[in-house]
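Participant: below are the sequence and a predicted model; questions follow.
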Amino acid sequence: MSYLPYISDNDLKAVVKTVVDSIIQAQARAEERMYDNVIDPFSAIFDGAVQNLNLEDWLVQENARQIQKTVQNKIGEFHQNILGSIPGWVTLPQGLDICNTNRKIFAEIKNKYNTVKGSDKVGIYDYLSLHLQKPEYQNFTAYYVEIIPQNKKNYNKPFTPSDRTTGTNRPLNEKIRQISGQAFYALATGEPQALRMLFDVLPDVIANVSGSTKLNDKQQASFRTLFERAY
């Protein structure tokens, strides 16, 4: 039985392995480079004292923080590659993130609602609008995807960001839309619970591609609470 109905096991494992490999590499780099740059001793002593950590424990925590930066940077790419591996969809080498020519859809994908500052969202609107004017994208619908929405909202609405320089919003265009991660996964796959399905199979897939011990049911349930808080 396959992991998910909307993506092949080989494609799913390949995308997951890319993230796993980047974490392993980040762990090695973090250990090697810990003392390459001078650590701010004042920052360390404040942080350690407030959390009641000795230096060794603080260094472990600092390593984890550096690795987490790498993971977060990779997750947007992870979603782009998952969505781009769904039949009918492609990940584009440059410019736009993903496209489905049969359904006349293209999208820019960001991992979280606050990945892009509000003042910078007009740039995304203009970028999408510019592509809609190209002959190859006639009659397409452009999506600005926020995988993790604000306040657990699920939406698919016209994208009309505010331009601070003019004090006005970009014109409403039904072909330029802002959409939550859940809604876009459902749109792309035809599975209303596609994003949850992906989250639920990740412990199995990660264990498979990394050779690590799979999270037990209790551990998985604890991580699932984070999904519930986000969606």
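Facilitator: On my side now, so go ahead. Please read these numbers as outputs of a predicted model, since none were measured by experiment. Numbers count the residues shown, from 1 in each chain.

Participant: show me what contacts the spatially closest residue to Asp11 that is not a sequence neighbour?
Facilitator: Residue nearest to Asp11 in three dimensions, not counting chain neighbours: Ser85, with 4.0 Å by C-beta to C-beta, 6 or more residues apart in numbering. The way it works is simple: take the backbone N, C-alpha and C, and place the C-beta from them, glycine included. By C-beta atoms under 8 Å, 6 or more residues apart in numbering, the contact set of Ser85 is 7-8, 11-12, 14-15, 91.

Participant: phi and psi next, for Ser85.
Facilitator: The phi and psi values for Ser85, taken as degrees, to the nearest 10, are phi -100, psi -10.

Participant: distance of it relative to Ala14?
Facilitator: Applying C-beta to C-beta, to the nearest Å, the value for Ser85 to Ala14 is 8 Å.

Participant: one more: Ala44?
Facilitator: Distance of Ala44 to Ala14, given as C-beta to C-beta: 39 Å.

Participant: now do Phe140
Facilitator: Applying C-beta to C-beta, the value for Phe140 to Ala14 is 28 Å.

Participant: where does pLDDT dip in the protein?
Facilitator: 31-37 (pLDDT under 70).

Participant: in it, which helix is the longest?
Facilitator: Using DSSP state H, we find that the single longest helix of the chain is helix 55-84.

Participant: what helices or strands is that one leaning on?
Facilitator: Other helices and strands packing on helix 55-84, by 3 or more C-beta pairs under 8 Å, 6 or more residues apart in numbering; DSSP states H and E, are helix 9-33, helix 41-51, strand 90-91, strand 98-100, strand 105-112, strand 141-148, helix 181-189.

Participant: for Asn156, find the nearest of those.
Facilitator: Closest to Asn156 of the helices and strands packed on helix 55-84 is helix 181-189 (C-beta to C-beta; 4.7 Å).

Participant: show me what counts as buried in that closest one.
Facilitator: 181-189 (16 or more other C-beta atoms under 10 Å).

Participant: if you count contacts, what does the helix or strand just after that helix end up packed against?
Facilitator: Per DSSP states H and E, the first helix or strand lying C-terminal to helix 181-189 is helix 194-210. Judged by 3+ C-beta pairs under 8 Å, 6+ apart, helix 194-210 is in contact with helix 9-33, helix 181-189, helix 217-230.

Participant: so which of those helices is the most surrounded?
Facilitator: The highest mean neighbour count among these, using mean count of other C-beta atoms under 10 Å, belongs to helix 181-189: a mean of 23.
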